[in-house]
Structures are given as C-alpha cells and as structure tokens.
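Asks: I'll drop the sequence and a predicted model, then ask my questions.
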Amino acid sequence: MSSVVTQTIRHPSQEKKWPESRFCSPEPSRPNNSTRQAGLNIQSREIRGVDDLREAVRGANLSIVQLTPGKLHGHLLHAQVGNLVLSTGDFGSAIRARGVMSPEMVTIGMMLESGGEVAQWDYDVVPGDIVVFPKSVEQEGRFTGYSSYATITLSEEDLAEHMTGEGELQDPRFWTKIDRFRTLPSRRNSSRRAIAERIAQLRCGAAPQSAAGMEFFRRALIEAFCSGIVDETSQESGEAHYNSAKLIRKVEDYADGLSSDRPLHISELCSTLNVSRRSLHRAFHDAMGIGPVAYLRFRRLSAVHHALMTLDPKDVNITQIAIDHGFADLGRFSGYFRQMFQESPSQFRRRAAVS
C-alpha cells in the first residue's frame with residue numbers, strides 16, 4: 001500500500017450528491033433509528049467516532065484507524081431485504097480499515113462519492129468501481145477524504161442464481177475471488193444513480209409494501225451492483241445463438257403467466273429462461289426495436305394504469321402503487337406515465353373516479 005497522504009478533508013456538504021428520491025422529502029438521520037415491515041428491516045445511526053465504523057458493513061468487525069485529526073462524523077444505514085443485506089454510509093475523515101467483511105457471505109462494494117484517494121488492497125478505487133470481497137477474506141482499505149459507499153452482502157449461491165445465463169458468473173466459485181471491476185463512465189454513473197435512488201427510498205421510508213414489490217427491489221439492488229461485472233466478463237464469441245422471435249415469445253408467455261400486479265425484473269427473465277442479458281438485449285432490439293428494460297417498464301406502467309382504473313379511488317395511493325411496481329423516482333415515473341398515456345397519474349385517477 002502507498003504511504004498515507006495528509007490532505008484537507010472536505011465536509012460532506014461540499015461534495016456532489018445524487019438527488020434524493022422524489023417520493024419523499026429527505027429527513028435527517030437519527031441515532032439508532034430502526035424500521036421494520038414485511039421482508040424489510042432498516043437500522044440507521046450517526047457516526048460519532050472511530051468505533052461506530054467497525055460495523056461499516058453489517059456483521060463486520062473492522063479495525064479502524066483515523067489518519068487525520070478532527071472529529072469523525074457521518075451516517076450508517078443497514079437494511080435487511082429478504083436474504084440480502086444492504087449497508088451504506090458516509091464519513092468525513094481519512095481512515096485505514098482492515099478486517100473481514102463477512103465470515104459467511106460475499107460482499108460487493110461500490111464507492112458512490114469520494115473526495116480523495118481510495119485503495120482496497122493494491123487496487124485504486126474510483127466512484128462506480130465494483131469490488132468483490134469473498135467470504136472470510138481479510139480486506140484492507142484506505143480512504144483519504146470524504147467517502148460515501150454502499151455494499152450488498154449475500155451468499156455465493158444466491159449471486160450465482162441471480163446470474164443464471166451469464167457464463168462464469170453463474171458458478172459460485174466465481175465469487176470466491178478478490179477482484180475490482182472498472183466499467184465505462186456511463187455504466188459507472190448509471191449504477192451509482194440506481195443505487196443512490198434505492199438508498200434514498202429506504203432513508204425516507206418509501207419502500208415497497210407488497211412482497212412482489214420487495215422482491216423487485218431486491219433484484220434491482222443486486223443488478224445495480226453487478227451489471228458492471230456482467231459488462232466486464234461477457235464474451236460475445238462464447239454465446240449461444242437465439243432465434244429472436246422465439247425468445248420474445250418465451251418472454252411474453254412467462255410474463256403473461258404472472259399476476260398482473262407483479263413487477264418483473266430482467267434478472268428474473270434471464271434466470272428463468274437461462275439466457276444472458278446480452279442475448280436478451282439483442283433479441284429485443286432485433287424483433288421489437290426496443291430493449292428488454294424498456295419493454296418491462298412499459299408492462300409496469302400498464303399495470304399501474306390498470307390499478308388506478310380498477311381500485312376504489314378512496315384506497316388509491318399513487319406513490320405507493322408506483323413504488324410497489326418497481327419505480328424508484330416519482331418524477332421519472334410521472335414523466336413515463338404522461339409520455340405513455342398523455343396525462344399524469346393524478347389526472348387519470350381523477351378521470352377514472354368519475355367515469
């Protein structure tokens with residue numbers, strides 16, 4: 001590892017921030033705040049010293065050394081989402097961290113923002129890089145400025161199942177190796193934004209309430225962390241050829257067999273049909289002129305439209321319906337809805353109520 005660099009540490013307010021979710025107004029974190037609902041357990045607290053960072057990742061017991069003088073401050077949030085644990089935090093001092101992230105699970109981490117140099121083992125890490133911490137492996141890291149990070153922790157088998165159709169990624173042994181993945185800037189930025197939006201939902205209590213919505217939320221988190229790994233490991237020459245029209249029919253048959261109010265994530269399609277994301281994208285563009293993500297979004301918009309039309313107006317909560325159908329940002333959801341149906345969700349609900 002390189003020698004410690006002493007530098008001025010910027011306060012978090014000086015750093016660029018991703019916008020908060022527009023499902024709610026952000027609230028300040030409170031010490032030891034805990035929230036529980038079906039399939040979800042959230043705990044958040046303020047960082048008031050070095051010891052609070054020992055569990056920067058849920059279940060870890062890290063050795064933390066502060067490298068510059070001053071009060072260490074920041075926030076931590078841990079969320080249990082089904083069999084996945086999300087940990088996220090920010091802090092404003094240079095530190096050295098060493099220890100095992102998890103003795104039994106794989107941890108995948110991403111820097112969301114950084115005001116200085118970051119190193120994990122001998123890798124330099126920039127915002128948007130993906131770092132794989134295998135179970136029981138001691139990590140060592142150095143952070144020299146304001147840092148904002150997020151991690152997910154789950155088993156090798158769960159990761160492999162999520163990556164069905166993706167070559168070596170569907171082998172649990174892939175997740176036993178230390179690695180850092182650096183993708184194109186556009187991918188790094190989109191992944192950071194997707195993760196930040198999901199974290200913002202949890203911070204302000206705008207999580208899904210339905211089991212199906214929670215499962216979509218879990219899949220979306222895993223995908224946001226792992227999509228860059230898929231990009232870096234996909235090999236065009238090693239893929240099987242699929243008849244585009246036939247594959248699209250399989251997708252539609254599977255989607256049509258689901259409950260109309262259940263959001264469908266692309267990772268579920270790939271796992272069920274045992275097809276790679278690259279092949280699925282190619283088939284959709286060849287046969288329909290759009291990508292599978294857009295197609296699935298159109299289906300979710302149609303499901304929201306149906307719910308607003310059929311539910312009792314007194315029981316309709318547009319925000320919660322949108323969240324349960326997998327939309328992470330209210331402004332973006334409203335824009336999609338208006339573009340598709342030529343009126344806003346609230347306008348449509350009012351019109352449906354009097355018809």
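Replies: Alright, I've got the coordinates.

Asks: okay, CA-based contacts and neighbour counts for the rest of this
Replies: OK.

Asks: Can you report how many residues lie near the closest residue to Glu156 other than its chain neighbours?
Replies: Closest residue to Glu156 apart from its sequence neighbours, by CA to CA, 6 or more residues apart in numbering: Pro172 at 5.0 Å. Look at Pro172: counted by other CA atoms under 10 Å, it has 16 neighbours.

Asks: looking at this protein, which helix or strand does the model trust least?
Replies: Scoring the helices and strands of the chain by mean pLDDT, DSSP states H and E places strand 33-37 at the bottom, with a mean of 65.

Asks: pLDDT averaged over the helix or strand following that strand - what is it?
Replies: Downstream of strand 33-37, the next assigned helix or strand under DSSP states H and E is strand 40-47. When pLDDT is averaged along strand 40-47, the result is 93.

Asks: just checking, what packs against strand 40-47?
Replies: strand 33-37, strand 74-81 (3 or more CA pairs under 8 Å, 6 or more residues apart in numbering; DSSP states H and E).

Asks: what does the average pLDDT come to for the last one?
Replies: Pointing back at strand 74-81 there. Taken as a whole, strand 74-81 has a mean pLDDT of 96.

Asks: export it as PDB, just CAs?
Replies: The C-alpha trace of strand 74-81 is given here as PDB (Å, rounded to 0.1, in the frame of the first residue of the first chain):
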ATOM      1  CA  GLY A  74     -21.200  10.600   9.200                       C
ATOM      2  CA  HIS A  75     -24.100   8.200   8.900                       C
ATOM      3  CA  LEU A  76     -24.700   4.500   8.600                       C
ATOM      4  CA  LEU A  77     -27.700   2.500   7.400                       C
ATOM      5  CA  HIS A  78     -28.100  -1.300   7.300                       C
ATOM      6  CA  ALA A  79     -31.100  -2.800   5.600                       C
ATOM      7  CA  GLN A  80     -32.100  -6.500   5.500                       C
ATOM      8  CA  VAL A  81     -34.100  -7.100   2.300                       C
END
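
Asks: Quote the end-to-end distance of stretch 144-157.
Replies: End-to-end distance for stretch 144-157: 35 Å, by CA to CA, to the nearest Å.

Asks: Okay, strands next: where are they in the stretch 151-300 of the chain?
Replies: Secondary structure of the stretch 151-300 of the chain by DSSP state E, counting those that start in this stretch: the strands cover 179-181.

Asks: Okay, helices next: where are they in it?
Replies: Counting by DSSP state H, counting those that start in this stretch, the stretch 151-300 of the chain has helices at residues 156-162, 185-203, 211-233, 244-256, 266-273, 277-288, 292-310.

Asks: will you turn those into TSV that also has mean pLDDT and distance to Thr88?
Replies: Formatted as TSV, these follow (pLDDT from 0 to 100; distance: least, CA to CA, whole Å):
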stretch	mean pLDDT	distance to Thr88
helix 156-162	97	19
helix 185-203	94	8
helix 211-233	94	12
helix 244-256	93	33
helix 266-273	95	23
helix 277-288	93	27
helix 292-310	94	26
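
Asks: of all those, which lies closest to Arg45?
Replies: Closest approach to Arg45 among those (CA to CA): helix 185-203, 11.1 Å.

Asks: can you pull the buried residues of the closest one?
Replies: Buried positions in helix 185-203, judged by neighbour count with 16 or more other CA atoms under 10 Å: 187-188, 191-203.

Asks: tell me which strands and helices that helix is in contact with?
Replies: Helix 185-203 sits against helix 211-233, with contacts defined as 3+ CA pairs under 8 Å, 6+ apart.

Asks: Buried residues, the helix it packs on. List them.
Replies: So helix 211-233, judged by 16+ other CA under 10 Å, has buried residues 212-231.

Asks: So which elements touch that helix?
Replies: Packing partners of helix 211-233 (3+ CA pairs under 8 Å, 6+ apart): strand 106-114, strand 130-133, strand 179-181, helix 185-203, helix 318-324.

Asks: can I get the CA coordinates of the last one in PDB?
Replies: The C-alpha atoms that make up helix 318-324 are tabulated as PDB, following Å, rounded to 0.1, in the frame of the first residue of the first chain:
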ATOM      1  CA  ILE A 318     -50.400   6.700  -6.400                       C
ATOM      2  CA  THR A 319     -47.000   6.900  -4.800                       C
ATOM      3  CA  GLN A 320     -47.200   3.500  -3.100                       C
ATOM      4  CA  ILE A 321     -48.600   1.900  -6.200                       C
ATOM      5  CA  ALA A 322     -45.700   3.200  -8.200                       C
ATOM      6  CA  ILE A 323     -43.200   2.000  -5.500                       C
ATOM      7  CA  ASP A 324     -44.800  -1.500  -5.400                       C
END
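
Asks: show me the contacts for the residue sitting nearest the centre point of the chain.
Replies: Residue closest to the average C-alpha location in the chain (CA atoms, centre = their mean): Leu221, at 2.7 Å. Counting by CA atoms under 8 Å, 6 or more residues apart in numbering, Leu221 touches 194-195, 198.

Asks: So Leu62 versus Ser44, what's the distance?
Replies: To Ser44, Leu62 is 18 Å away according to CA to CA.

Asks: Skip the chain neighbours and tell me the closest residue to Gly128.
Replies: In space, and not counting its chain neighbours, Gly128 is closest to Arg188: 4.4 Å by CA to CA, 6+ apart.
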